[in-house]
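# model this:
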Amino acid sequence: MGLVADRFDREYRGQVPDIPDSVQTLPVFQAWATGHLSAQIASPFWTLAKPQKRQTCLDLGCGASFLVYPWREWDARFYGQDISGAICQMVNSRGPQLNSKLFKGMKQAPAHKLEDYEPEQFDLVISTGVTCYYSLDYWDQVLTRVKPLLKPGGSVVFDVLDPDKPLAEDWAILEMYLGAEVDLTPLKDWRSQLKSSQVKIQKEQPGELFHLFKVVF
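Have a look, this model is predicted:
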């Protein structure tokens, strides 16, 4: 997990590693270098589960989510968690200025470290851009620890990398040179793992690179 944290710390600080010319010619690199890639591949989790007024939400691997997405419009309480110390520091300094009522803080921790939360604390748990860096077994552990934190009727929305997408292989190469390897797990394996863990898929939505799941227990 340290490699993933280092990769995002460098990006948030504007530190670009040495990348071979052959990779720099790829369209995915050009999109990343111009700052357009994030918006291109971001998963719109709210299309499957839009945070509702007065709901309490936890965003695992949130990055700058509170500063970017319309949390004030949703009027939902936001708890964030991310492994990057650089982004946590930035969001914690700016979040209360945007809305101190909705922003409940962001802590630096991996997705499975959930001991600080109360049982049935959250209506919705979100995690995008996270699972691709870890194994199926790890995410199974995360979901097991998320389950008791959900209120009755609560759900989890997360995305997984779809290795069949045309962009997937080049993006995986770029991520390797940015400092973190990604896991190209087929979607069928994700579905099988969720089923064997008795996690029910309510909705799915494909994207340009990532595939969204909304699940319940």
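# alpha carbons only for contacts and neighbour counts from here, please
Noted.
# if I look at the closest residue to residue 50 other than its chain neighbours, how far off is residue 150?
Closest residue to residue 50 apart from its sequence neighbours, by Cα to Cα, 6 or more residues apart in numbering: residue 74 at 7.9 Å. Distance of residue 74 to residue 150, computed by Cα to Cα, to the nearest Å: 19 Å.
# more neighbours, those two?
Between residue 74 and residue 150, residue 150 has the larger neighbour count (other Cα atoms under 10 Å), namely 24 against 16.
# tell me which residues touch the most centrally placed residue in the chain, please.
Among the residues of the chain, the one closest to the centroid is residue 128, at 2.4 Å (Cα atoms, centre = their mean). Shown in contact with residue 128 (Cα atoms under 8 Å, 6 or more residues apart in numbering): 42, 43, 45, 60, 61, 62, 157, 158, 159, 160.
# out of the residues you listed, flag the one nearest to residue 133.
Of all those, residue 133 sits closest to residue 160, with 9.6 Å by Cα to Cα.
# can I take it that the closest one is in a strand?
Yes. Looking at residue 160 with DSSP: H, G, I helix; E, B strand; the rest coil, it is inside a strand.
# right, and it touches residue 210 too?
Yes. Contact criterion Cα atoms under 8 Å: residue 160 and residue 210 qualify, at 5.4 Å.
# quick one: contacts of the biggest helix by length in the chain?
Longest helix in the chain, counting residues (DSSP state H): helix 85-99. Applying Cα under 8 Å, 6+ apart, the contact partners of helix 85-99 are 5, 9, 12-13, 63-64, 66-67, 72, 81-82, 103, 105-108.
# so what pLDDT did the most far-flung residue of the chain relative to its centre get?
Distance from the C-alpha centroid of the chain peaks at residue 21, with 29.3 Å (Cα atoms, centre = their mean). pLDDT recorded at residue 21 is 94.
# which one is residue 45 nearest to, not counting chain neighbours?
residue 157 (6.5 Å).
# enumerate the positions of the strand or helix carrying the one you found that are buried.
Counting by DSSP states H and E, the element that carries residue 157 is strand 150-161. For strand 150-161, burial by neighbour count (16 or more other Cα atoms under 10 Å) applies to 150, 154, 155, 156, 157, 158, 159, 160, 161.
# whichever helix or strand comes after it packs against which elements?
Downstream of strand 150-161, the next assigned helix or strand under DSSP H and E is helix 168-178. Packing contacts for helix 168-178, counted by 3 or more Cα pairs under 8 Å, 6 or more residues apart in numbering; DSSP states H and E, involve helix 27-33.
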